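Chemist: no sequence for this one, just the structure:
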């Protein structure tokens with residue numbers, strides 16, 4: 001029997017009180033901890049935090065926030081989405097996650113990515129010209145470190161190590177669970193197979209089924225390289241409210257604002273209403289009632305043969321009440337319904353509306369912070 005996992009992701013978007021008063025960074029961080037506690041009580045499988053170094057996001061050190069969440073929760077898995085390994089020191093990353101391993105009693109997961117946003121590279125003294133080489137070398141070192149054994153290393157961007165033990169040590173036989181975030185590169189899929197990493201494909205625009213070739217490549221590579229087929233997943237933005245019209249308007253206000261903000265840096269045209277409606281109907285946004293969102297998640301998980309789905313909530317900030325409503329609806333209504341559909345209890349009952357055409361200049365694919373696309377893209381691995 002196939003096992004499925006359902007998570008929540010947030011980048012720590014600065015939120016708003018219900019009267020429209022903006023929360024500052026500190027208030028947003030405390031709000032995220034509250035939201036994680038609710039997710040834990042609702043038995044959602046995973047709660048993951050993004051890493052950003054920008055004014056609109058509160059989380060630049062996700063492991064610290066996850067450490068606080070670990071003390072406030074008991075069962076939910078805690079991870080990143082993603083850790084920008086290219087602009088970090090793998091040894092320090094290991095130390096932080098080994099510490100989290102203890103605080104969370106083994107509930108942690110690191111999701112590695114090269115970074116959709118590139119502000120961390122100049123911030124920490126790295127040259128974007130080395131974008132690909134940095135990740136390749138640091139990923140090799142991470143793969144040695146994550147098992148907690150002594151490490152030997154020599155590279156151009158990393159510290160030379162000669163049979164060094166890094167602390168804190170992990171309990172014998174344990175390692176840091178590692179997933180690779182992928183935005184749309186065949187090389188990233190092959191890298192995941194090589195290192196035995198589960199894959200999460202970050203999809204922020206366009207028809208998710210266009211990523212089926214990457215799933216097929218993964219399946220082919222695991223067979224040819226004689227590697228186990230590990231769970232495949234996706235993450236995407238969503239808002240789940242009882243009133244479909246309100247969910248759409250919340251999304252139009254906040255998701256559009258965030259995408260347009262990002263687009264200024266990347267040369268995207270402002271999002272049109274037509275494009276936004278397309279993303280809800282046939283594309284990458286999971287916006288609507290619990291029934292609508294559940295049907296769409298199940299439909300795309302089946303089409304892509306996915307075993308994991310993470311909903312990116314709170315995009316653009318949003319009102320605290322709407323953020324909490326999305327979390328509650330996702331945990332109490334969406335996830336149970338998706339599980340029913342995937343178990344074959346009854347067929348998918350909501351078909352996508354087909355009326356919109358994508359408009360030029362708006363991204364059709366991408367990711368929150370993957371490993372595979374160039375710095376100008378919107379990607380992780």
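Modeler: Good, I have the coordinates. Owing to the predicted nature of the structure, the values given are computational and were not obtained by experimental measurement.

Chemist: can you give me the strands for the stretch 201-350 of the chain?
Modeler: For the stretch 201-350 of the chain, the strands defined by DSSP state E, counting those that start in this stretch cover 232-240, 286-288, 308-312.

Chemist: residues in contact with the closest residue to residue 330 other than its chain neighbours?
Modeler: Using Cβ to Cβ, 6 or more residues apart in numbering and skipping residues adjacent in sequence, the residue nearest residue 330 is residue 240, 5.3 Å away. To be clear about C-beta, it is placed using only N, CA and C from the backbone, and glycine gets the same treatment. Residue 240 is in contact with 247, 286-290, 293, 311, 325-326, 329-330, 333-334, counting by Cβ atoms under 8 Å, 6 or more residues apart in numbering.

Chemist: Just the closest of those residues to residue 39, please.
Modeler: residue 330 (8.5 Å; Cβ to Cβ).

Chemist: Assess the claim that that closest one and residue 311 are in contact.
Modeler: Yes. The pair residue 330 and residue 311 passes the contact test of Cβ atoms under 8 Å, sitting 5.8 Å apart.

Chemist: With neighbour numbers in mind, choose between the two.
Modeler: More crowded of residue 330 and residue 311, by other Cβ atoms under 10 Å: residue 330, with 27 against 24.

Chemist: re the thing from before, can you lay out the strands of the stretch 201-350 of the chain as CSV showing distance to residue 71 and mean pLDDT?
Modeler: Listed next are the strands of the stretch 201-350 of the chain as CSV, based on distance: least, Cβ to Cβ, whole Å; pLDDT from 0 to 100:
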stretch, distance to residue 71, mean pLDDT
strand 232-240, 25, 98
strand 286-288, 30, 98
strand 308-312, 23, 98
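
Chemist: Go through those strands and name the closest to residue 161.
Modeler: strand 232-240 (32.4 Å).

Chemist: in its sheet, what does that closest one sit against?
Modeler: Applying DSSP bridges, strand 232-240 is found paired with strand 199-202 (parallel), strand 286-288 (parallel), strand 308-312 (parallel).

Chemist: Export those strands to TSV and append columns for distance to residue 215.
Modeler: Listed next are those as TSV, based on distance: least, Cβ to Cβ, whole Å:
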stretch	distance to residue 215
strand 199-202	8
strand 286-288	19
strand 308-312	13
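
Chemist: follow-up on the earlier one: dump the strands of the stretch 201-350 of the chain to CSV, plus distance to residue 87.
Modeler: Shown next, in CSV, are those (distance: least, Cβ to Cβ, whole Å):
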stretch, distance to residue 87
strand 232-240, 21
strand 286-288, 30
strand 308-312, 22
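
Chemist: any idea how far the residue sitting nearest the centre point of the chain is from residue 317?
Modeler: By Cα atoms, centre = their mean, the chain has its centre lying nearest to residue 81, at 3.9 Å. When distance is defined by Cβ to Cβ, to the nearest Å, residue 81 is 18 Å away from residue 317.

Chemist: Check residue 247 too.
Modeler: 16 Å.

Chemist: more neighbours, the two?
Modeler: residue 247 (26 against 22).

Chemist: Quick check: closest non-adjacent residue to the more buried one.
Modeler: Closest to residue 247 by Cβ to Cβ, 6+ apart is residue 241, at 4.1 Å.

Chemist: Show the pLDDT at the one you found.
Modeler: Looking at residue 241, its pLDDT is 98.

Chemist: cool, residue 141 as well?
Modeler: 98.

Chemist: can you pull the contacts of the residue nearest to the centre of the chain?
Modeler: Residue 81 touches 9, 48, 49, 50, 111, 181, 200, 235, 310, 368, 369, counting by Cβ under 8 Å, 6+ apart.

Chemist: Among those, which one has the most neighbours?
Modeler: residue 111 (36 neighbours).

Chemist: Next, it: secondary structure please.
Modeler: strand (DSSP: H, G, I helix; E, B strand; the rest coil).

Chemist: my read: it touches residue 78, true?
Modeler: No. Using Cβ under 8 Å, residue 111 is not in contact with residue 78, being 11.2 Å away.

Chemist: Can you work out which residues contact both of those two?
Modeler: Common contacts of residue 111 and residue 78 (Cβ under 8 Å, 6+ apart): residue 48.

Chemist: thinking again about what came up before, if you drop the residues flanking it in sequence, what lies closest to the residue nearest to the centre of the chain?
Modeler: residue 48 (3.9 Å).

Chemist: that older thread, format the contacts of residue 240 as a markdown table; extra columns: distance to residue 254.
Modeler: Converted to a markdown table, the contacts of residue 240 look like this (distance: Cβ to Cβ, whole Å):
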| residue | distance to residue 254 |
| --- | --- |
| 247 | 11 |
| 286 | 14 |
| 287 | 11 |
| 288 | 15 |
| 289 | 18 |
| 290 | 19 |
| 293 | 16 |
| 311 | 15 |
| 325 | 14 |
| 326 | 11 |
| 329 | 17 |
| 330 | 17 |
| 333 | 21 |
| 334 | 19 |
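
Chemist: quick one: the residue in the chain sticking out farthest from the centre and residue 150, what's the gap?
Modeler: Going by Cα atoms, centre = their mean, the residue of the chain most distant from its centre is residue 162, 34.2 Å out. The gap separating residue 162 from residue 150 is 9 Å, by Cβ to Cβ.

Chemist: circling back: tell me which of the strands paired with strand 232-240 sits most buried.
Modeler: Neighbour counts (mean count of other Cβ atoms under 10 Å) averaged over each of those peak at strand 199-202, with a mean of 31.
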